[in-house]
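In: sequence first, then the predicted structure, then my questions.
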Amino acid sequence: MRFDERYFDYQTIVDYVILDSNWYNNSNGTTCTSERWSDTTWCWNGRLAELVRRESPFNAAGRSCIAQFVSYASRGGITGRGKRQSGLQSNPISSGDIADYNSCFTNHLHLPDDRNPINVPTLTRFIQNHTMCSTRTDIQDCRTNETTRDLAQRNFGYRLDGLTRPDSPLRNAITYCNRDVFPIVETEPVQSTNECYSGFGRDGDSWFRRQRCAPYENACQTKFIVNGRTTMIMKTCKHRDACMSNFSGNRQNCFSEEAMNNRARVCHFCCTGDLCNNSDNIQDY
């Protein structure tokens, strides 16, 4: 592949797409639904189109590699993995928010011992410049991207969030750094809030009801308390300023490395609009 991405660590890209992204499972259920077609050129080109932009050089290179692979395999050839890249390639230093994001991601990333190291600038540049959200309505991998469609360059962090599997070891770093470096900025007027879910939940059991908010309570708050294997949830109406004040503590109390490692987290989340605090999953906030 010859194009002006001289500092790409291609092993990082391959490892992320295969080991960390939703791409294969999602395309397996849409593009390659029949076992008969699962290893055809058509199938794999369809998979590629669900992830890589058509204008990206990775798209043309991927199609070429797919054609060669299928042709070789059909003749009984034996395919295997090439030698892994040793070490990381040097990268030009990014500037501004991208550099802050890469630094944050590197500091909060913890990989299993059997994983290759990830070159973070390569990964973020690949997501930013070469990937897309699937246009299929039945694929939900980029739903979070819709909330940040007006944030231009910052968009890639939430696309990375949407494309990454929930069980990936990259998940905590992505969640923390998106909220720390690229917090979502409201681009629409705040919705009025007349009702919120209110009550208490613990380890899957919940006692929530609809609560009519007082005139001064213009937001819904959801509070998670994680203590080891126990998770408690509290929901209520709240004044938006008071809720946002609580939310500002999440950087230390919810998403810090210490809180994550010790599984001792206190997280506050705010939303506006009737019954907007309907989820009991911390990943949805």
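Out: Ah, there it is. Numbering: from 1, shown residues only.
In: give the next helix or strand downstream of the helix-or-strand element of the chain with minimal mean pLDDT.
Out: Lowest by mean pLDDT, DSSP states H and E among the helices and strands of the chain is helix 23-28, with a mean of 73. Note on helix 23-28: by DSSP states H and E, the next helix or strand toward the C-terminus is helix 41-49.
In: so for the least confident helix or strand of the chain, what gets flagged as buried?
Out: Residues W23, Y24, N26, S27 are the ones in helix 23-28 that count as buried (16 or more other C-beta atoms under 10 Å). C-beta coordinates here come from the backbone N, C-alpha and C atoms, glycine included.
In: so D203 makes contact with T230?
Out: Yes. Applying C-beta atoms under 8 Å as the test, D203 and T230 come out as touching, 6.0 Å apart.
In: in three-state terms, label R115 for me.
Out: When classified by DSSP: H, G, I helix; E, B strand; the rest coil, R115 comes out as coil.
In: thought it was touching D15?
Out: Yes. Taking C-beta under 8 Å as the definition, R115 is a contact partner of D15 at 7.3 Å.
In: for R210, what are its contacts?
Out: E195, C196, Y197, S198, L275 (C-beta atoms under 8 Å, 6 or more residues apart in numbering).
In: what subset of those is buried?
Out: Neighbour-count burial (16+ other C-beta under 10 Å) applied to the contacts of R210 gives C196, Y197, S198.
In: domains of this protein?
Out: 1-79+94-187, 195-284 (automatic domain parsing).
In: of these, which shows the lowest average pLDDT?
Out: Mean pLDDT is lowest for domain 1-79+94-187 among the domains of the chain, at a mean of 74.
In: the residue nearest to Y24 when sequence neighbours are not counted in helix, strand or coil?
Out: What sits nearest to Y24 in space, not counting adjacent residues and going by C-beta to C-beta, 6 or more residues apart in numbering, is I18, at 6.9 Å. Three-state call for I18 (three-state DSSP): helix.
In: count of neighbours near I18?
Out: 10 (other C-beta atoms under 10 Å).
In: what's the most distant pair in the contacts of R210?
Out: S198 and L275 (10.3 Å; C-beta to C-beta).
In: just the helices in this protein please.
Out: 10-15, 23-28, 41-49, 57-74, 96-108, 120-130, 155-163, 171-181, 240-247, 250-253, 257-262 (DSSP state H).
In: and the gap between the closest residue in space to D20 that isn't next to it in sequence and V181?
Out: Leaving aside its sequence neighbours, D20 sits nearest to S168 (C-beta to C-beta, 6+ apart; 4.1 Å). Per C-beta to C-beta, to the nearest Å, S168 is found 19 Å from V181.
In: how about N262?
Out: Counting by C-beta to C-beta, the gap from N262 to V181 is 23 Å.
In: between these two, which one's more packed in?
Out: Neighbours were counted for N262 and for V181 using other C-beta under 10 Å; V181 has more, 18 against 12.
In: find the nearest non-adjacent residue to the more buried one, please.
Out: Using C-beta to C-beta, 6+ apart and skipping residues adjacent in sequence, the residue nearest V181 is Y101, 4.6 Å away.
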